[in-house]
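Chemist: Any chance you can model this:
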Amino acid sequence: MSIKSQLSALIGLAKIDDDFADQEKNMIYMIGKANGLSEGEIDHLIDDPEDIPALSTLSDHDRFEILYNVVQLMKVDREVYLSEIKYCEDLAVKLGYHKKVISELSSKIYSDPSITADRDALITAVQKYQQ
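Modeler: Now for the predicted structure:
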């Protein structure tokens with residue numbers, strides 16, 4: 001999955017509560033720049049996000065990365081809204097997971113992006129929620 005599609009999923013979440021917080025924006029810029037996108041390309045995505053590709057084109061790794069990133073972004077501003085949880089749950093279902101995967105990941109992913117969770121343990125935990 002392209003980095004632009006991944007960022008588009010994050011942008012959708014960041015905008016869902018009508019409060020595109022600085023922490024959310026900074027995280028999106030950090031991920032985009034770390035993956036070779038210019039600030040202009042990221043600005044364009046913020047204004048016009050791409051559609052998420054069809055589920056059949058995504059690997060298990062890609063689907064996990066999307067879930068991981070949206071949960072971390074949901075928590076980065078330390079304010080979690082019901083609309084954000086619903087967005088994450090809907091996205092999880094579109095990715096082929098039961099919506100309860102979001103609460104599982106949320107309990108194990110930190111709001112501070114510099115604190116990383118045990119990804120192997122998370123991948124194992126997420127697999128039991130695949131539909």
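
Chemist: Could you pull out the helices in this protein for me?
Modeler: Ranges of helices in the chain, per DSSP state H, are 3-15, 22-34, 39-47, 60-76, 82-94, 101-106, 119-127.

Chemist: Need the contact partners of the third one.
Modeler: The set of residues that contact helix 39-47 without belonging to it, under Cβ atoms under 8 Å, 6 or more residues apart in numbering, is Lys4, Leu7, Ser8, Ile11, Lys25, Ile28, Tyr29, Gly32, Lys33, Leu37. Backbone N, C-alpha and C define where each C-beta goes, glycine included.

Chemist: And for the second one?
Modeler: Helix 22-34 is contacted from outside by 3, 6-7, 10-11, 13-14, 39, 41-42, 45-46, 69, 72-73, 76-78, 113, using Cβ under 8 Å, 6+ apart.

Chemist: give me that answer again for 10 Å
Modeler: Helix 22-34 is contacted from outside by 3-4, 6-8, 10-11, 13-15, 17, 20-21, 37-39, 41-43, 45-46, 69, 72-79, 84, 111-113, using Cβ atoms under 10 Å, 6 or more residues apart in numbering.

Chemist: Buried subset of those as a ChimeraX selection?
Modeler: Listed next is the ChimeraX selection for buried residues among the contacts of helix 22-34, using 16 or more other Cβ atoms under 10 Å:
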select :3,4,6,7,8,10,11,13,14,17,37,42,45,46,69,72,73,74,75,76,77,84,111,113
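
Chemist: picking that back up, in a markdown table: the contacts of helix 39-47, plus distance to Val101 and pLDDT.
Modeler: A markdown table is the format used below for these (distance: Cβ to Cβ, whole Å; pLDDT from 0 to 100):
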| residue | distance to Val101 | pLDDT |
| --- | --- | --- |
| Lys4 | 24 | 89 |
| Leu7 | 21 | 88 |
| Ser8 | 20 | 88 |
| Ile11 | 21 | 88 |
| Lys25 | 26 | 89 |
| Ile28 | 22 | 89 |
| Tyr29 | 27 | 92 |
| Gly32 | 25 | 89 |
| Lys33 | 28 | 90 |
| Leu37 | 28 | 94 |
